[in-house]
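A.B. asks: sharing a model prediction with you, sequence too.
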Amino acid sequence: MNDEIKVSICCATYNQEKCIEKTIEGFLNQKVNFKYEIIIHDDCSTDKTRDIIEKYRIQYPNLIRTIYQKENKYSKGEKITINYLFPNVQGKYVALCEGDDYWNDENKLRIMYECLEKNKDCSFATHIVEKISKDGNCLHEFIPANYKIYSNEVNKIDIDDFFTVFSKKTLTPFQTSSYFFRSEYLYEYLNIKQFQTIPGVGDLPLVWYLMYKGKILFIKKNMSFYRTGDSNSWSAKLDDINYRINHFKNLITFLNFYDGYTNYRYETHIKYLIKKYNFEILRYSKNYKKIITGGYIDMLMLNIKPIIFELLWNKFKFFKLFYELYKKIK
C-alpha cells in the first residue's frame, strides 16, 4: 500500500453522543487499498461526544486525528470546516461527513476515489443520500430528489447542466455527507475572502467554487444517510421567518459576488436566481402588493399553490386541525 495519504475524511461534531459512534464506524468500515485519514473536530461538546471520539482515537492512533476546542467556536461566528478542518488536510482528496450523518456503503471511498482518478475533468464527486429521522428511521426521501432523471450509474454534470437541472429548486442540491473533491482546490478557495465571509449560506460557496473548476461527477448510488429533525440543525432554523429572510438576503449577496467572480459567464441564470430570492423575501414578508406591482407575477404563478396553502393555514385554525388529522389517517 502506498504510504501517501489519498483521502482525508473531515468530520465536524457537537453534542452528538447518540450519533457519532455510528458515524466513525462508517469511516472505519471502508474497504480500500489506499491510505486515508480521519480528522474529527469537536466544538466543545457538553455531552459525551468527546469521550466517544477519544475512545476511537486511542484505538486507532495512526488513523484518527482530533481537534478539541476548549470553548465553542461556532457560537463565536467561526466556520469550523474552513478554519480548523480544511487547514489540516493531508490527502489528495477530501471527503466530508458531519457527526450526525453516516455512510452506509463500505465501498464508498473506493468508488469515489476511483471515479475521480479516471475522470480528470471532474473536480467534485457526489452521490444519492437518503434522509432519516433524528431517531434513525428511513424517511424514503432522497437527495437529490430528481436523481431518477439519470439512467447511468456515473454521470458528468457541467455547470450549465447544473443551472438547468438542479438550481431552480435549490442552490445546493447535494448533501454534505456525499461530498468528495480534489484537495488541490482548497488552497485557492481558502484564500478568496469572499467565499469565506458571507454568513448563513452553509457549504454553498464550496460547491459552487468546485463546479466552476471542473465538472460534477454524480454517482447514482445511495451511500450515506442524512439525519433531519434536529432542533439545532440548519433546516430547523429556516422555520424561523426572520432567519429565512436573512438567509435569502445572504444568498443574493453570494450570487452577486459569484456573478462577478465568473466574469458574468452565467449572468442569465444568476439574474433569475436573484429575482427568485427577492420574490421569496417579499413572500415571507407578506408584501404581496410589491409582488404584483414589482414584476414578480411569473414567480407568483409558479408558487401560487404553496402561497394559497400558507394563507389558509394562517387564516383558519380549523384548517390546521383538519390537516393534522388527515396526516394521521393517511
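C.D. replies: Yes, it's here.

A.B. asks: tell me the contacts of residue 126?
C.D. replies: Residues near residue 126 by Cβ atoms under 8 Å, 6 or more residues apart in numbering: 174, 178, 179, 180, 216, 217, 218, 219. Where C-beta positions appear, they are placed from N, C-alpha and C, glycine not excepted.

A.B. asks: that one should be in a strand, yeah?
C.D. replies: Yes - membership of residue 126 in a strand is supported by DSSP: H, G, I helix; E, B strand; the rest coil.

A.B. asks: next secondary structure after the helix-or-strand element of the chain with minimal mean pLDDT?
C.D. replies: Using mean pLDDT, DSSP states H and E, the weakest-scoring helix or strand in the chain turns out to be helix 234-237, at a mean of 54. Heading C-terminal from helix 234-237, the first helix or strand you meet, by DSSP states H and E, is helix 241-261.

A.B. asks: just the strands in the stretch 51-200 of the chain please.
C.D. replies: 64-68, 93-96, 102-103, 122-132, 138-143, 154-157, 180-182 (DSSP state E, counting those that start in this stretch).

A.B. asks: can you list those strands in JSON lines and add mean pLDDT and distance to residue 49?
C.D. replies: Listed next are the strands of the stretch 51-200 of the chain as JSON lines, based on pLDDT from 0 to 100; distance: least, Cβ to Cβ, whole Å:
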{"stretch": "strand 64-68", "mean pLDDT": "98", "distance to residue 49": "10"}
{"stretch": "strand 93-96", "mean pLDDT": "98", "distance to residue 49": "18"}
{"stretch": "strand 102-103", "mean pLDDT": "98", "distance to residue 49": "14"}
{"stretch": "strand 122-132", "mean pLDDT": "97", "distance to residue 49": "19"}
{"stretch": "strand 138-143", "mean pLDDT": "93", "distance to residue 49": "24"}
{"stretch": "strand 154-157", "mean pLDDT": "94", "distance to residue 49": "35"}
{"stretch": "strand 180-182", "mean pLDDT": "98", "distance to residue 49": "25"}
